[in-house]
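[1] Everything below, folded, please.
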Amino acid sequence: MPEPNPPTSPTADIAAFTAACTFADIPNSVVALAKKSILDALGVGLAGAADEGAGILRAYVESFGGTGSAALLGSAAAAPPALAALSNGMAMHMDDYDDTLRSSVTDLDKGSIHPTAGILSAVLALGQANRCSGEALLTAYLVGVEAAAKIADALGPRHFRAGFHGTATCVGLGAAVAGARLLGLSAEGIATALGIAASGSAGLRENFGTMVKPYHAGQAAGTGVMAAELAARGFTASGRILEASRGFFSAYGDGFDRRWIDGRLGDPWAFDAPGVWIKPFPSGMRTHPGMSALQKLMKSHGFGAGDVDRLSVRTNEAVYNTLLHHRPTTGLQGKFSMEFSLAIILRDGMAGLSAFTDATVQQPDIQALIAGVEYQAYGAEDAQAGGYTNVTTLLDIALRDGRRMQERADYCKGSTDDPMSYQEVAEKIRECTAFRGANAASVEAIIDQVARLEQLGDLASLGRAIAGAY
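    Residues are numbered from 1 along each chain as shown. Predicted structure coming up:
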């Protein structure tokens, strides 16, 4: 006789949740938040597609023939789903302008993940190939983000400390879950897709500041699509890949904490808590509280770069170590430099895509401002005593006229504390796609269709709008 309440496991729980969840089970508020992230990713993906790194990968994908069923961001060509997902995922993360999901675990710094680039790229490619509806895409995307979020929360802290990048590893598992759901696989098939994807999980933070960092999102998407398609064809893999003694949690994280995954799938949805941040600046999210705080001070006190005698900034050690380029010389390095991020705000009062270029970073006045930023880390005792979040940033500014001001920033624009509206996201993608020369009419069509995504009978019109953007 079977046990009345057989023991559960993370792999089985995720697979069962994914197979059973319907669009009607998802709160309307979560759907609305998801559509903002989807619009954001498509917009920054179209902008990122014009960047050099994304162009190199897309040309590689197109060298296989440039034909297939899934649209390529930045091209009128198409490709098979796995290759389209690979190319599009990198484009969406190319400028580091895509959304960010912080960990629910606040007592440990386990890093953040960029969920949408890898997961949306996977379901968009598979959805076009299989003529899925917008509702089916939304459902698959949301269960994929949910799986990635809970896996990242439960994963032991060694994962981040050892140098792994969760956008490559955990998001790849979420992409596999989402793809398997879109293909209509059973719970058993979804578990198999997880098993396949887990052996393809890779991505190291040492590559931050190079083309490989955005490639991680494409790798996650491509791995997820291939895992789902192979599982659908009968490929085999371990059905307990997350919790097994030689599985993902043990190998990548030195164990896992059940409290962050048991009974938490869809309760709460990751979009509700801890919530997904949409970026106001095309740089590493951990630069944003400081950048937003500096903007606020400059506007309220009326000063610019020439008025500053000293600018000091402090964050926790994990943020300091993530923003590892303290004297950047390239645009990619600038995205992971607190010093450059504050320097460009000081000089220009803003920081769009045009700021994060090699030419801008290398300008003599910017290099002088970078050298003048004093950046240090505060200790764990200070963080505990002050009740700091894992992104709390402290600014201390002395002006030449004798004024001194201090600011503490626990969040920024685009965070759950100060979210962007759908129209604000639309304005963001209008700006960044115009900067990269995308067709404005196609961008407006994307804005319109994503707003009513659940009403689309299939994704053909959205695919045409993407293909027509360049």
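[2] CA atoms for contacts and neighbours, from now on please.
    Noted.
[3] Can you spell out which helices and strands pack onto whatever helix or strand residue 41 lives in?
    Secondary structure from DSSP states H and E places residue 41 in helix 28-48. Counting contacts by 3 or more CA pairs under 8 Å, 6 or more residues apart in numbering; DSSP states H and E, helix 28-48 is packed against helix 81-93, helix 115-129, helix 134-154, helix 422-435, helix 440-451.
[4] just flag whichever of the ones you listed has the lowest average confidence.
    Of all the helices and strands packed on helix 28-48, the minimum mean pLDDT falls on helix 422-435 (a mean of 94).
[5] what angle separates it from helix 28-48?
    Inter-element angle recorded for helix 422-435 and helix 28-48: 10 degrees (by axes from the mean of the first three to the mean of the last three CA atoms, to 10 degrees).
[6] Run the angle between helix 422-435 and helix 440-451 for me.
    Going by the same axes, to 10 degrees, helix 422-435 makes 150 degrees with helix 440-451.
[7] Next, the buried residues of helix 422-435.
    Buried residues in helix 422-435, counted by 16 or more other CA atoms under 10 Å: 422, 425, 426, 428, 429, 430, 431, 432, 433.
[8] Tell me how many other residues crowd the residue nearest to the third one when sequence neighbours are not counted.
    I take that to be residue 426. Leaving aside its sequence neighbours, residue 426 sits nearest to residue 447 (CA to CA, 6 or more residues apart in numbering; 6.6 Å). Residue 447 sits with 28 neighbouring residues when counted by other CA atoms under 10 Å.
[9] Could you do residue 331 as well?
    Residues near residue 331, counting by other CA under 10 Å, number 24.
[10] I'd say it and residue 363 touch.
    No. Using CA atoms under 8 Å, residue 331 is not in contact with residue 363, being 11.4 Å away.
[11] any weak-confidence spans in this protein?
    1-7 (pLDDT under 70).
[12] in it, which residue is closest to the centre?
    Geometric centre of the chain, nearest residue: residue 114, 1.7 Å, by CA atoms, centre = their mean.
[13] Quick one: residues contacting that one.
    Applying CA atoms under 8 Å, 6 or more residues apart in numbering to residue 114 gives the contacts 98, 99, 100, 101, 167, 171, 217.
[14] Okay, the residue nearest to residue 426 and residue 76: tell me how far apart.
    Going from residue 447 to residue 76 by CA to CA, to the nearest Å gives 19 Å.
[15] same thing with residue 158?
    From residue 158 over to residue 76 (counting by CA to CA), the distance is 43 Å.
[16] Also residue 384?
    Using CA to CA, residue 384 is found at 53 Å from residue 76.
[17] For residue 75, which three-state class applies?
    Three-state call for residue 75 (DSSP: H, G, I helix; E, B strand; the rest coil): coil.
[18] how close does it sit to residue 470?
    Distance, residue 75 to residue 470, by CA to CA: 6 Å.
[19] One more: residue 27?
    35 Å.
[20] if we can go back for a sec, out of the contacts of residue 114, which are inside strands?
    With strands taken from DSSP state E, the overlap with the contacts of residue 114 comprises 100, 101.
[21] Isn't residue 47 up against residue 438?
    Yes. Counting by CA under 8 Å, residue 438 is a contact partner of residue 47 at 7.5 Å.
[22] and the two? which has more neighbours close in?
    residue 47 (29 against 22).
[23] got the contact list for that one?
    By CA under 8 Å, 6+ apart, residue 47 lies in contact with 91, 432, 433, 435, 436, 438.
[24] got it, and residue 156?
    Counting by CA under 8 Å, 6+ apart, the residues that residue 156 touches are 249, 252, 253, 254, 255, 256, 257.
[25] if you set the cut-off to 10 Å instead, what comes out?
    Residue 156 makes contact with 108, 110, 249, 250, 251, 252, 253, 254, 255, 256, 257, according to CA atoms under 10 Å, 6 or more residues apart in numbering.
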